[in-house]
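Return a 3D structure for these sequence lines:
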Amino acid sequence: MSTAEQVTYHKPYLVTTVFTTDPNDGNLIISQTDEFETDTLGLLLYQVPLLRPLAGPPADSVDILKQKCDFNKCKIL
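Alright, predicted model coming up:
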């Protein structure tokens, strides 16, 4: 397969980052918590190209995720 013919597949995951700020210090960030949402087994299977069909369907594209996201509530609809 030539470079022009290669197809890229992704098994992405979602990350939610929550910042805690200090109102007494100009709302500077004092901590950060990251939460990962993924299918762990699917992500591991995806690392072996021959096993990718067993990993389940790929995640939606960024454009579709943007349509599904309620940015005001930081939630996927």
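
State whether residue 63 is indeed within a helix.
Yes - looking at residue 63 with DSSP: H, G, I helix; E, B strand; the rest coil, it is inside a helix.

For burial, what's the neighbour tally of it?
Number of residues near residue 63 (other C-beta atoms under 10 Å) recorded here: 7. Where C-beta positions appear, they are placed from N, C-alpha and C, glycine not excepted.

which intervals of this structure have sub-threshold pLDDT?
The model of the chain has pLDDT under 70 over residues 1-12, 74-75, 77.

let's see it at 50
1-2, 4, 7 (pLDDT under 50).

ranges for the helices of it?
40-46, 62-68 (DSSP state H).

Turn those into TSV, including distance to residue 26.
Shown next, in TSV, are those (distance: least, C-beta to C-beta, whole Å):
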stretch	distance to residue 26
helix 40-46	39
helix 62-68	31
